[in-house]
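>>> Quick check, what structure comes out for this input:
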Amino acid sequence: MANKIFLVIKREYLARVKRRSFIVATIITPLIFPTILGVFLWIALSDLPFEGAKIIEVVDENRSFVLESNEMFVFSYRGMDREQAREQVLQGNRYGYLHIPELDIDKPVGITFYSMDPPGISLIGNLEAAIQKKIEEIKLFASGIDPEFLSELKSPINIRAMRIGQGGGETVSNTVVNYGVGFLAGILIYTFIFIYGNQIMQGVIEEKSSRIIEILVSSLKPFQLMMGKIIGIGAVGLTQFLIWILLISMVSSLVMGYFGMKMPQQQMLEMSQPEIANWQGENTQLMEIMDLIQGIDFVTLIISFLIYFVGGYLLYGAFFAAIGAAVDNPSDAQQFMFPVTIPLLMAYMGLFIFVLDDPNSNASYWLSIIPFTSPVAMMGRISYGVPWMELALSIFLLTSGFLFTTWAAGKIYRIGILVHGSKVNYKTLWKWIKQN
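Residues are numbered from 1 along each chain as shown. Reported below is the predicted structural model:
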């Protein structure tokens, strides 16, 4: 039995990796992200040197608002009236002009910015913040309070989070990093299940429509064919995924190297070299980053990702194969796709609403335990740290769920793969599952 399943896996794998569409998608897709990265870096690095800072004329009728210039915008105070400033803008000597009428400090209204081009949101935000700061200073002076004294009273606070392990040890924790790791891992699993699960369904429908399946089942059991197809297509997806990671990393390194920048892993490698150990000791921020990286349990993270990556795909892959076997064309499959995709969508939305916001809530716990949502939800929790008992229970239920869906899908697949021309509904599927 195992030998026949392996032959189906080999057939599915080789048939797909040799396709021109697979080769093109595998090579072209990884080039998209570094290309986008390169374009944004080129725009960011070439914008200022070639265009220079934009000059903004300030027409202040209060004669009390002096805004600070920066590398992007220079504020000019030439005592112009509005018509003169407007003429300067029309002639191209000024990017725009800011009109500040006589203001009631308690209700400052009527401030207007004029330009020939629509201003960016960052410019308007900077102008609002600068004017608000000046109004606050004026109010403080009127109250007899020195703004500089008040600013000295403010002290920035940075709370360092530490996680206490089961054995009493302490490791550095960072919510932003945990959020990012959980987000990336959960989305990858969700995307993988959806894309390659649909490929399983499409492949079964095509073979059933062309009657190739009738030839295959003459020498193979339907269950062997189903399992071989699920594992074979999963292996294709895993191969493509690994190639993407490798190519994206290589090309991104070349792009960032071209602009004189370094990838994060290169910076971490340099920081670990002994010749700069003394420099590290003087830089508290970098030391905190190193402590944070050391606090991440990469072994548990990688092993858990592989388990849920494979387990989630196998669990849903069986359902997609069963749907493909039960229908004659993709349009008929839509009625059966809905109940299958609902748990996936619940896991996707729950990842953002519950898991990443509070990984220890009751909703997060149950989403990471129930087999139909655990592949996505548990990967959102795993970076924060999950008790071994909860992780073991989740994996056990996921394995049980996979065995159940494989059994149910095998029942449907065995009969549906040979049925043509008849409309199948949920009652029919339940009848097939109950048959011996």
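>>> What strand or helix carries the spatially most central residue of the chain?
What sits nearest the mean C-alpha location of the chain, by Cα atoms, centre = their mean, is Leu184, with 4.7 Å. Assigned by DSSP states H and E, Leu184 belongs to helix 175-209.
>>> quick one: contacts of stretch 3-14?
203, 219-221, 224-225, 227-229, 231-233, 235-236, 239 (Cβ atoms under 8 Å, 6 or more residues apart in numbering). C-beta coordinates here come from the backbone N, C-alpha and C atoms, glycine included.
>>> longest helix anywhere in this protein?
Scanning the chain for the longest helix, with DSSP state H as the assignment, gives helix 222-258.
>>> Can you check the pLDDT for Leu41?
Per-residue confidence (pLDDT) for Leu41: 62.
>>> still on that earlier bit, I'd like to know which elements the longest helix of the chain is packed against.
Applying 3 or more Cβ pairs under 8 Å, 6 or more residues apart in numbering; DSSP states H and E, we find helix 222-258 packed against helix 2-17, helix 20-51, helix 175-209, helix 298-326, helix 388-416.
>>> Out of the contacts of stretch 3-14, which end up buried?
Buried subset of the contacts of stretch 3-14 (neighbour count, 16 or more other Cβ atoms under 10 Å): Gly203, Leu220, Gln224, Leu225, Met227, Gly228, Lys229, Ile231, Gly232, Ile233, Ala235, Val236.
>>> residue contacts, the closest residue to the last one other than its chain neighbours?
So that's Val236. Excluding the flanking residues, the one nearest Val236 by Cβ to Cβ, 6 or more residues apart in numbering is Arg16, at 4.6 Å. Taking Cβ under 8 Å, 6+ apart, we find Arg16 in contact with Phe22, Gly232, Ile233, Val236.
>>> farthest pair in the residues you listed?
Phe22 and Gly232 (12.9 Å; Cβ to Cβ).
>>> how about Pro365, what does it touch?
That one is not Pro; residue 365 is Tyr. Glu390.
>>> scratch that, Ile100
Ile100 makes contacts with Val58, Val59, Asp60, Glu61, Asn62, Phe65, Ile111, Ile131, as judged by Cβ under 8 Å, 6+ apart.
>>> closest to Glu148 among those?
Phe65 (18.3 Å).
>>> So that closest one sits against Lys134, correct?
Yes - at 5.1 Å, Phe65 counts as touching Lys134 under the criterion of Cβ atoms under 8 Å.
>>> longest strand of the protein?
strand 54-60 (DSSP state E).
>>> now that strand, how far from the centre of its chain.
Distance, stretch centre to chain centre, for strand 54-60: 41 Å (Cα atoms, centre = their mean, to the nearest Å).
>>> Quick check: Ala333 touching Ala321?
No - look at Ala333 against Ala321 with Cβ under 8 Å: they stay out of range, at 11.5 Å.
>>> hey, what's in contact with both of the two?
If you check Ala333 and Ala321 against Cβ under 8 Å, 6+ apart, the residues they both contact are Met201.
>>> Between these two, which has more neighbouring residues?
Counted by other Cβ atoms under 10 Å, Ala333 and Ala321 do not tie: Ala321 has more neighbours, with 29 against 20.
>>> what's the pLDDT at the more buried one?
Looking at Ala321, its pLDDT is 87.
>>> what's the answer for Met389, then?
pLDDT for Met389: 91.
>>> Now for it, how many residues are close by?
Neighbour tally, Met389, other Cβ under 10 Å: 8.
>>> Check the one 4 residues further on too.
In terms of burial, Leu393 registers 14 neighbours under the definition other Cβ under 10 Å.
>>> Tally up the residues packed near the residue lying closest to it once chain neighbours are set aside, please.
With Cβ to Cβ, 6+ apart as the criterion, Leu393 has its nearest non-adjacent residue at 6.3 Å, and that residue is Ile369. Residues contacting Ile369 under the criterion other Cβ under 10 Å number 17.
>>> give the contact list for Ile369.
Counting by Cβ under 8 Å, 6+ apart, Ile369 makes contact with Glu390, Leu393, Ser394, Leu397.
>>> can you list the contacts of Arg16 in TSV and add distance to Met379?
Shown next, in TSV, are the contacts of Arg16 (distance: Cβ to Cβ, whole Å):
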residue	distance to Met379
Phe22	26
Gly232	24
Ile233	21
Val236	22
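>>> how about JSON lines for those, with pLDDT and distance to Leu306 added?
Converted to JSON lines, the contacts of Arg16 look like this (pLDDT from 0 to 100; distance: Cβ to Cβ, whole Å):
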{"residue": "Phe22", "pLDDT": "81", "distance to Leu306": "23"}
{"residue": "Gly232", "pLDDT": "88", "distance to Leu306": "18"}
{"residue": "Ile233", "pLDDT": "85", "distance to Leu306": "17"}
{"residue": "Val236", "pLDDT": "86", "distance to Leu306": "17"}
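>>> which one of those sits closest to His420?
His420 lies nearest to Ile233 out of the contacts of Arg16, by Cβ to Cβ, at 23.1 Å.
>>> just checking, the closest one touches Gln202?
No - judged on Cβ under 8 Å, Ile233 makes no contact with Gln202 at a distance of 9.8 Å.
>>> which secondary element of this protein has the worst mean pLDDT?
Using mean pLDDT, DSSP states H and E, helix 277-282 stands out as the lowest-scoring helix or strand of the chain, at a mean of 45.
>>> gap between Glu83 and Val59?
10 Å (Cβ to Cβ, to the nearest Å).
>>> Which of the two has more residues huddled nearby?
The neighbour comparison of Glu83 against Val59 (other Cβ under 10 Å) goes to Val59, with 21 against 9.
>>> so who does that one touch?
Contacts for Val59 (Cβ under 8 Å, 6+ apart) come out as Met80, Asp81, Arg82, Ala85, Tyr97, Leu98, His99, Ile100.
>>> could I get those residues as TSV with secondary structure?
Output for these, formatted as TSV (DSSP: H, G, I helix; E, B strand; the rest coil):
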residue	secondary structure
Met80	coil
Asp81	coil
Arg82	helix
Ala85	helix
Tyr97	strand
Leu98	strand
His99	strand
Ile100	strand
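>>> So which of the residues you listed is the closest to Val176?
Nearest to Val176 among those: Leu98, at 35.8 Å, using Cβ to Cβ.
>>> How about the contacts made by the closest one?
The contact partners of Leu98, by Cβ under 8 Å, 6+ apart, come to Ile56, Glu57, Val58, Val59, Leu67, Phe75, Ile111, Thr112, Phe113, Tyr114, Leu127.
>>> Apply 6 Å and report the result again.
Counting by Cβ atoms under 6 Å, 6 or more residues apart in numbering, Leu98 touches Ile56, Val58, Phe113.
>>> Tell me which helix or strand the residue nearest to Gly401 when sequence neighbours are not counted sits in.
Spatial nearest neighbour of Gly401, excluding adjacent residues (Cβ to Cβ, 6+ apart): Pro371 at 2.9 Å. Assigned by DSSP H and E, Pro371 falls within no helix or strand.
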